Every structure is written in structure tokens, then in C-alpha cells.
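Chemist: A structural model of the following input is requested.
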Amino acid sequence: MTVKTMYDDILFEFRNSLVTVVVLEDIGEFTVQNITYGPFQKDRETDLPRWIVGVLLSQKKVKIKDTEIGPSELQKALWRETSEPDLQQLTPDYFLIIKQRITQLIKENQQSPNQVRLAAQSKMERLLRDLVTSRLLKLMKISLREDRLDEIKNNMTEEECWLVDRLTKLLRNWEKVVLEVETGG
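Modeler: Model prediction:
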């Protein structure tokens, strides 16, 4: 399985996962792919697939109930990651949520440029890159040792679990070949 295939699979599951939203205005019944949704009343909570939420967010008809991850939350995650030697726990879809938020900021800035949003977008992109780099170094070390791997995987995102599985196998095979001594013949 290639990285692209892995990512596409994870992204498909993410986009189809349910997210709780608060309805900002009454929404009538609508049908998408032979599935009927609604009607939804203003100020009520409901669970919808993320891909539908994305459309409704762009129309400002809903807001995500859970706290959205912004620059300050991402900064805190990076600080925890860089200040602790062990891999810090992230939800399995953490990177996808961050990327979704950055994409949302990009779209909002394209529609109506705003210096505060542009700064938030730029900061989040930089912080995400730094967080990924910090975690990659730890994932390399984790891949070199197999002790507690299942326990540590609870702290990883979906993408990281996939990477560690492949790295561990690759490193073991590489080590075996490099250390193998021919016994003559």
C-alpha cells in the first residue's frame, strides 16, 4: 500500500465520520446520494457526516460543537511534544482536523481576505509542520524498538500508526541484511 493509498483511505473514513454540530438557522429536509437529512431546527445539535458539515459550514448554517483547534491549541500541542521525551497523545484524526481548519481558513480568506485569519492560517501551517517534524523524530526512535509498541500506538494518529508499522518492518529487514554474516560456501 502506498502512502497516497493509505492517506486516501484514512481521509475517506474521516470525511464520512460523524461530527456534532449546532444548527445556526432552520434547515429544511434535503437528500444527498439517496439519503435524506433534516429538517433541522435552529439551536439544536445533530450529528452529520463531515463532508456534509463542510458544505453547511461554508453556508454558515452550522457550527461544529467541539472546540475547533486554532493556533493556540496547536501551539500547546507543539509545546507538549517538544518539552516531553515521549510521544504525546493525539486523537487518531488530529492532523486531519488541523488540515480541515487550515483549509477552512484558506477558503474564508479567498472569499474575504482578513489579516487576522491570514495570520492564523500562516501560524497554523508553520506549527503543523513543526509538530509533524518533532513527532517524526520520535516515531523513528519508536520504530527502532518494539517494546511497548502497542501501548505507544494509543498516542498516535492513523497516519503515524501506518508509518511506524512500515518503518519497523523496513528497519528490521535492513538490520537483518546488514548484520547477516555469510558462513562460507
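Chemist: Determine the longest helix present in this protein.
Modeler: Ranked by residue count under DSSP state H, the longest helix found in the chain is helix 115-144.
Chemist: Just the buried positions in that one, please.
Modeler: Within helix 115-144, the residues that count as buried by 16 or more other C-beta atoms under 10 Å are 120-121, 124-125, 127-128, 131-132, 134-135, 138-139, 142-143. For every residue, glycine as well, the C-beta is placed using N, CA and C.
Chemist: Summarise which helices and strands it is packed against.
Modeler: Here helix 115-144 is seen to pack against helix 71-83, helix 94-111, helix 158-179 when contacts are counted using 3 or more C-beta pairs under 8 Å, 6 or more residues apart in numbering; DSSP states H and E.
Chemist: same for the last one, what does it pack against?
Modeler: So that's helix 158-179. With contacts taken as 3+ C-beta pairs under 8 Å, 6+ apart, helix 158-179 sits against helix 3-16, helix 115-144, helix 149-153.
Chemist: and the last one, what does it pack onto?
Modeler: Contact partners of helix 149-153 among helices and strands, from 3+ C-beta pairs under 8 Å, 6+ apart: helix 158-179.
Chemist: got the buried residues for the helix it packs on?
Modeler: Across helix 158-179, burial judged by 16+ other C-beta under 10 Å covers 158-164, 168.
Chemist: tell me the average confidence for it?
Modeler: Helix 158-179 carries an average pLDDT of 91.
Chemist: Of the helices and strands packed on helix 115-144, which is nearest V22?
Modeler: Of all the helices and strands packed on helix 115-144, helix 94-111 sits nearest to V22, with 16.2 Å by C-beta to C-beta.
Chemist: Need the contact partners of the closest one.
Modeler: With contacts defined as C-beta atoms under 8 Å, 6 or more residues apart in numbering, helix 94-111 is touched by 10-11, 14, 50, 54, 57-58, 68-70, 74, 77, 91, 114, 117-118, 120-121, 124-125, 128, 132, 157, 159.
Chemist: Return the alpha-carbon coordinates of it using CSV.
Modeler: Coordinates of each C-alpha in helix 94-111 appear next as CSV, following Å, rounded to 0.1, in the frame of the first residue of the first chain:
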residue,chain,number,x,y,z
TYR,A,94,-5.8,15.2,14.8
PHE,A,95,-3.8,16.1,11.7
LEU,A,96,-6.9,15.8,9.5
ILE,A,97,-8.8,18.1,11.8
ILE,A,98,-5.9,20.6,11.7
LYS,A,99,-5.8,20.4,7.9
GLN,A,100,-9.5,20.9,7.7
ARG,A,101,-9.3,24.0,9.8
ILE,A,102,-6.5,25.4,7.7
THR,A,103,-8.5,24.7,4.5
GLN,A,104,-11.4,26.4,6.0
LEU,A,105,-9.3,29.5,6.8
ILE,A,106,-7.9,29.5,3.2
LYS,A,107,-11.4,29.4,1.8
GLU,A,108,-12.6,32.2,4.1
ASN,A,109,-9.5,34.3,3.2
GLN,A,110,-10.2,33.8,-0.5
GLN,A,111,-13.8,35.0,-0.1
